[in-house]
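*Asks:* This is a predicted model, with the sequence first.
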Number of protein chains: 2
Amino acid sequence: MNISQTDLPVEAGPDGAACCPAELIPPLEAAEAAELAQGFAALADPARLRLFALIAGQEGQVCACSMVEPLGKSQPTVSHHLKVLYEAGLVDRERRGTWVWYWAVPGRLSALTATLGRAVNA
Amino acid sequence: MNISQTDLPVEAGPDGAACCPAELIPPLEAAEAAELAQGFAALADPARLRLFALIAGQEGQVCACSMVEPLGKSQPTVSHHLKVLYEAGLVDRERRGTWVWYWAVPGRLSALTATLGRAVNA
DNA sequence: TCCTCACATTGATGAGCGTCGATATAGAAT
DNA sequence: ATTCTATATCGACGCTCATCAATGTGAGGA
């Protein structure tokens, strides 16, 4: 087994045999990572993904009453997931009389992925 | 089977006041939503986000030993998160002697977001 | 061979989440 | 006011996950 020094990005020290370059670029700040993770967590559930696709895929707005049946979950469960999406900033809502209407917040999804992409390409 | 107006999801009032416009476009298929959610779940943890940014942000590959200290978690915890990222297809790895090297799988992150974006714009 | 180091796995624990039934709240209509 | 409907909240259950100490595994080195 012949290991040439150009094969591996190893910075081997004479005494300690280091495996790694001296310093890595700093990772995401813990606070920013926590905020990003919260955003992705809102998309980490199949029911919420289907809800979000249902809302964002329509022209205009969607009434909450029309989302219970296609999702196949109980009304309290749908309401809970809508709240999670709302608190994640992915959807907005407005009460009009008896019903509540939801719509996707433009650019919020792309902002999430862009933030991670920026941290990766830094 | 009889199709009556009570079968419709639309509750159209006499003056045209309705809560639901008509049929909604079908949501994400449950199977596709589950697969997507699994991918986003890998990014829904601050420790894993920092790990992924650490790996994808470097030039070349990263030794596992160099990720324990910057993350501030125990070695088993880091190993667990690396496994989750690996099984989500976000990173790949190779053992070289004593050490294990990790690198980001190109295009996997953008594929995730593109799939959701396609479902939304359909 | 035995020892050491790097990494993975196991087992346990505590916290958090998805789910639903029951209930509360808000608005509209009678 | 009473009642009905749509939505939100509460309480509880079961399950999953993040975490770490202890242990296992696999690869050099003496």
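*Replies:* In hand now; what should we look at? The model shown is predicted, which means the values in this text are computed figures rather than measured ones.
*Asks:* count of residues packed around residue A:93?
*Replies:* 16 (other CB atoms under 10 Å in any protein chain shown). C-beta here means a position set from N, CA and C on the backbone, and glycine is covered the same way.
*Asks:* Please settle this for me: is it part of a strand?
*Replies:* Yes: counting by DSSP: H, G, I helix; E, B strand; the rest coil, residue A:93 is part of a strand.
*Asks:* Pull out the buried positions in stretch A:32-51.
*Replies:* Across stretch A:32-51, burial judged by 16 or more other CB atoms under 10 Å in any protein chain shown covers A:32-33, A:36-51.
*Asks:* In strands, which of these appear?
*Replies:* In strands, judged by DSSP state E, none of the buried residues of stretch A:32-51 are found.
*Asks:* what about the helices in chain A?
*Replies:* Listed in chain order, the helices of chain A (DSSP state H) span A:30-42, A:46-56, A:68-71, A:75-87, A:108-121.
*Asks:* Any chance of TSV for these, columns mean pLDDT and distance to chain B?
*Replies:* Shown next, in TSV, are the helices of chain A (pLDDT from 0 to 100; distance: least, CB to the nearest CB, whole Å):
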stretch	mean pLDDT	distance to chain B
helix A:30-42	95	4
helix A:46-56	96	4
helix A:68-71	94	6
helix A:75-87	98	12
helix A:108-121	90	4
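*Asks:* How about the residues of chain A by DNA strand C?
*Replies:* A:19, A:41, A:44-48, A:73-77, A:80-81, A:84, A:95, A:97-98 (CB under 7 Å from any atom of the strand).
*Asks:* List the contacts of the residue nearest the centre of chain A.
*Replies:* Central residue of chain A (CA atoms, centre = their mean): residue A:40, 2.0 Å from the mean position. Contacts for residue A:40 (CB atoms under 8 Å, 6 or more residues apart in numbering or on different chains) come out as A:112, B:40-41, B:43-44, B:49.
*Asks:* which two in those residues are spaced the farthest apart?
*Replies:* A:112 and B:41 (14.4 Å; CB to CB).
*Asks:* Could you find the closest non-adjacent residue to residue A:81?
*Replies:* residue A:48 (4.8 Å; CB to CB, 6 or more residues apart in numbering or on different chains).
*Asks:* Wait, that neighbour touches residue A:42, no?
*Replies:* Yes: under the criterion of CB atoms under 8 Å, residue A:48 makes contact with residue A:42 at 6.2 Å.
*Asks:* shared neighbours of those two, which are they?
*Replies:* A:84-85.
*Asks:* how far is stretch A:67-79 from where the chain is centred?
*Replies:* 22 Å (CA atoms, centre = their mean, to the nearest Å).
*Asks:* List the buried residues for that stretch?
*Replies:* A:67-68, A:70-71, A:73, A:78.
*Asks:* Residue A:120: which of these is nearest?
*Replies:* residue A:71 (33.2 Å).
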